[in-house]
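Asks: Kindly return the folded structure for what I paste below:
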Amino acid sequence: MNKGPKLVVDLRESSKNRCHYLEVCCHPDDKLKPLDAAIHMEHNQCGISNVGGVFMTLTGGRLETSFAEFAWTAAILDAGHNFLCNGVLISRKVVMTTATCLTTEEPLIVRAGDWDLVTDREAVQHENRTVKDRVVHQQFRWDSTQYNIALLILTEEFPRLQHIVPVCLAPMTPVDLDKESCFVCGWNHRIVSKTPSARNIVLKMEMDIDKSSWSNNSRSTILEGTPRSEQPVYAKGAPLVCPTESSRYYLVGIWSTSLNGGTQFTDVRQFRLWINRELRPFNIFL
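Replies: Predicted coordinates for the structure are as follows:
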C-alpha cells in the first residue's frame, strides 16, 4: 500500500497471498516496467543513515530493516553469486570484513545496495564489483580470534547513490559515541529457498557492549557484546556501529564469532593505523 511518498510493506500481510511480498497480484498485461529510481548524491559524506528507508518502509517484522536504511552493508559473494559473508563499505572502493570470511581463493564479488538477498525485486537495483586485491592482517592466525580483520580492494568504485553510503571510521582523535545505542546490521548467515515467501533481509540487532572491552585497557583486539534480541542470528563479518549525538554512524567492530550467547567483534578502533598503512600503496586515503 502507498502512504505518502513511500511504499509501506507489511510482512504480516504479505504472507496472506501467493504473490511475492514486494509485488501486488495483477493481470500480466497490467504489469509495470521497473523504473531507474536511483538517487545520485553530490556529497561524499560517510555514516549517514536513511531513516525509515528509501522508497519503502517495512512494518510487521522483528529485526528486519527498511530498504537502504543502513546503506553501508555489503555482501561478499563467490563467483557464482552465492552469499559467503557480510562486509562493510569503509570507502567506495574498500570493503572491510573478517579474515575468517576469506576461506576461498576463488574470485570474490562485493555487492552493495542490496536489501533482500533472495530477490531482485527492490525498487532500486544493487551494484556488484569484483575484488581486485585482498589484505589480511599479517598477525591473523586461524586458531585465534585476534587480528581477525581483512580489507577487500575493488576493481572500481561504487557510485555515489543514496542506497550505497560508506560508514565512518573512528578518527585518530577520539569521537564521542553513544555506546548504549550500538547495533549490528547485516544478513543472517543462512541458506534460504527462493519461494515467494522466502526472504533474507538486512537485520538490525541492538547490542550491549561489555564495558571493560569498550575501554580496552588491555589493548586487546576483541570487543565483546551481548545481543538484546533472543532471535538467533549469526551475521559473520557484519559491522557493529555506534552513533554520535548528531546520528552519524561510526564503525567500531566487525562480527568475528559467537560464543556462549555472546558475540566477539574485532575492535576496529585498534586498527586505524594499520588500515591507513595498508591502503596507502593503492593510493587510497581515508
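
Asks: you'd agree residue 139 is in a helix?
Replies: No: the assignment for residue 139, made by DSSP: H, G, I helix; E, B strand; the rest coil, is coil rather than a helix.

Asks: Give me the neighbour count for the nearest residue to it once chain neighbours are set aside.
Replies: Ranked by Cβ to Cβ, 6 or more residues apart in numbering and with sequence neighbours excluded, the top spatial neighbour of residue 139 is residue 147, at 4.3 Å. C-beta coordinates here come from the backbone N, C-alpha and C atoms, glycine included. Other residues near residue 147 come to 19 when the count uses other Cβ atoms under 10 Å.

Asks: Helix or strand: which one has residue 147?
Replies: For residue 147, there is no enclosing helix or strand under DSSP states H and E.

Asks: now it: how far from residue 266?
Replies: 8 Å (Cβ to Cβ, to the nearest Å).

Asks: who touches both of these two?
Replies: Here residue 147 and residue 266 share the contacting residues residue 221, scored by Cβ atoms under 8 Å, 6 or more residues apart in numbering.

Asks: pLDDT score for the residue nearest to residue 139?
Replies: Looking at residue 147, its pLDDT is 96.

Asks: With residue 43 instead?
Replies: 71.

Asks: for it, helix, strand, or coil?
Replies: Per three-state DSSP, residue 43 ends up coil.

Asks: Now it: closest residue in space that isn't a chain neighbour?
Replies: Once flanking residues are discounted, residue 43 sits nearest to residue 160: 7.8 Å by Cβ to Cβ, 6+ apart.

Asks: Surely the one you found touches residue 44?
Replies: Yes: with contacts counted by Cβ atoms under 8 Å, residue 160 reaches residue 44, the gap being 6.6 Å.

Asks: re the thing from before, how near is the residue nearest to residue 139 to residue 181?
Replies: In terms of Cβ to Cβ, residue 147 sits 27 Å off from residue 181.

Asks: For the stretch 151-286 of the chain, give me the ranges with low pLDDT.
Replies: Residues of the stretch 151-286 of the chain meeting the criterion pLDDT under 70: 190-198, 216-218.

Asks: And the helices in it?
Replies: Secondary structure of the stretch 151-286 of the chain (DSSP state H, counting those that start in this stretch): helices at 211-215, 272-279.

Asks: Not counting the first one itself, show me its contacts.
Replies: For helix 211-215, contacts defined as Cβ under 8 Å, 6+ apart pick out 179, 220, 222, 223, 224, 267.

Asks: Give the burial count for the fourth one, as a bare number.
Replies: Read it as residue 223. So residue 223, with other Cβ under 10 Å, has 25 neighbours.
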